[in-house]
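J.: Sharing a sequence plus its predicted fold:
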Amino acid sequence: MTADSIVATADRADSRPASAVSHGVGLAGLVGVIVWIAVARAYGMDGPYAALVNVLACGIPMIAWSILVDKVHRRASTGIDWASRRPWRETLDISLVKLAGLWATWAGIALIYATGRFYWDGNFAFAMWCLGTAAPFLFLLSIPYVLWLDRYLVDPRDGAWALGAWLTSTGSPAPEAIYGHLRAWAVKAFFLAFMLAIVPPGFADFIRTPTFGILADPVRLANWLITFMFVIDVAFATVGYILTMRPLDAHIRSANPYAAGWAAALICYPPFILMDTGGPLDYHPGTADWTYWLDGHPMLLALVGAILVILTGIYAWATVAFGLRFSNLTHRGILTHGPYAWSRHPAYLTKNLFWWLSTVPLLSTGSLADAARATLILAAVSGVYYWRARTEERHLSADPVYQDYSAWMSRNAPVPRFFRWIGGR
């Protein structure tokens, strides 16, 4: 055996585990977003309905690619066997119990939304309008959908069925199945409302921003491109929370069962957010952003602006890589491609680097105490994201695929190897 063949054999033996998502599905959604944004800018369509169309423009191409090209509906991980169609009468009772559990779940979510005044203020009012408008259609469509899908499911007695069986006393469901079902829908209810709330503002901001002379102003150009990256990120994330469906292999396999994971995630989002203005982890008092400190230095402004755009681009790329499956606190298939071949947590890493570079907490418009305080608080914020990363790894490590991926990353990926080198290991 030659030296080259030995190396080739070793490379194959240590190949990166396959990703649950292809590159194509994310690219299909990205093309849809870019095309719609071009149309919206050309015709000045910057309203909330145009922002919702942007979500559709992102999701529809990804659905088409997933089914027609990747054929995800035929994967064993969907839990569907299309070759084994049961008679209606065999699954009807299961489906009715499942619908009872599903509708009870939705009723509980609606009660929480209706009770929480927070959900009816500001941008969240738009999210409530979206969900309220969709609710009757979802209720009606859930009937044929469940009746149809249960005929093909390998095991139709899922979490929704378990809850329905408990409510109707028609079975002996496992408590963990009910808890898993409720955790999954809690994730979807909490984060979908948040995503719908932030869809219109960012989209409108990007569409309305005039671009005349923007190439001559590195700060305007950087901020405009950063906004564009966030429009992409929000569109993909919103699609991810909507399309948790088995036929798309995008269902929630499990939601994080650890309280620490939920605590670490929820304190990063309203109404529990600690980093907001005036919050205990608000690191902005006494600081100024990068444009203040670099004012009068166009070359440095351009350089730092370009780095910030690149960091935001990687952050958005990390969301695009999920395709239809973006979601906090859940396992919906292991990603190993794109930025996840470089870092286990590319979004957290680039987000925190962006904050450190754009805020420059070591410098202060006030006193040295202000600089020290801002630096320590931002370090605490970064610590929160490290905490989130570790709780996510703990959850996903129950999957052997993630164990293989994590081990491969430790051996081969640039970011883990860099930190290992920094630590002298």
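T.: Great, that's in hand.
J.: mind listing the helices for the stretch 201-350 of the chain?
T.: Along the stretch 201-350 of the chain, counting by DSSP state H, counting those that start in this stretch, helices occupy 218-242, 259-266, 290-293, 298-320, 346-359.
J.: So which other helices or strands are in contact with the first one?
T.: Translated: helix 218-242. Here helix 218-242 touches helix 23-43, helix 48-68, helix 175-208, helix 298-320, going by 3 or more C-beta pairs under 8 Å, 6 or more residues apart in numbering; DSSP states H and E. Yep, even glycine has a C-beta here, placed from its N, CA and C like the rest.
J.: Identify the residues contacting residue 178.
T.: Contact partners of residue 178, counting by C-beta atoms under 8 Å, 6 or more residues apart in numbering, are 159, 162-163, 166.
J.: biggest separation within the residues you listed, which pair?
T.: Pairwise distances among those were taken by C-beta to C-beta; the largest, 10.7 Å, belongs to 159 and 166.
J.: so what sits against both of those two?
T.: 101, 178.
J.: Pass me the low-pLDDT residue ranges in the stretch 251-400 of the chain, would you?
T.: Along the stretch 251-400 of the chain, the model assigns pLDDT under 70 to no residue.
J.: about what we covered before: any chance of the helices and strands packed on helix 218-242 in CSV, plus distance to residue 414?
T.: Below are the helices and strands packed on helix 218-242 laid out as CSV (distance: least, C-beta to C-beta, whole Å):
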stretch, distance to residue 414
helix 23-43, 19
helix 48-68, 28
helix 175-208, 30
helix 298-320, 13
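J.: Low-confidence stretches in the stretch 1-150 of the chain?
T.: 1-13.
J.: and with 50 instead?
T.: Within the stretch 1-150 of the chain, the stretches with pLDDT under 50 are 3-11.
J.: For residue 159 and residue 166, work out which one has more neighbours and name it.
T.: A count of neighbours by other C-beta atoms under 10 Å puts residue 159 above the other of residue 159 and residue 166, at 26 against 20.
J.: Next, the angle helix 259-266 makes with the host helix or strand of residue 388.
T.: When elements are assigned from DSSP states H and E, residue 388 belongs to helix 368-396. Put simply, helix 368-396 runs at 130 degrees to helix 259-266, going by axes from the mean of the first three to the mean of the last three C-alpha atoms, to 10 degrees.
J.: which helices and strands sit right next to helix 368-396?
T.: For helix 368-396, the elements it packs on are helix 259-266, helix 346-359, helix 400-412, judged by 3+ C-beta pairs under 8 Å, 6+ apart.
J.: what does the second one contact?
T.: Contacts with helix 346-359, where a contact means C-beta under 8 Å, 6+ apart, come from 283-284, 287, 289-290, 304, 307-308, 311-312, 314-315, 317-319, 339-340, 343, 374, 378, 381-382, 385-386, 388-389, 415.
J.: now the angle from the helix holding residue 388 to helix 346-359?
T.: Put simply, helix 368-396 runs at 170 degrees to helix 346-359, going by the same axes, to 10 degrees.
J.: Specify the angle between helix 368-396 and helix 400-412 in degrees.
T.: Per the same axes, to 10 degrees, the angle that helix 368-396 makes with helix 400-412 is 130 degrees.
J.: mind listing what's buried in helix 368-396?
T.: For helix 368-396, a neighbour-count test (16 or more other C-beta atoms under 10 Å) marks 370-371, 373-375, 377-378, 381-382, 384-385, 387-389, 391-392, 395-396 as buried.
J.: One more: stretch 278-298?
T.: Those would be 281-283, 286-287, 290, 293-294, for stretch 278-298 by 16+ other C-beta under 10 Å.
J.: Also stretch 87-101?
T.: In stretch 87-101, counting by 16+ other C-beta under 10 Å, buried: 91, 94-101.
J.: That's all I had, so thanks and see you.
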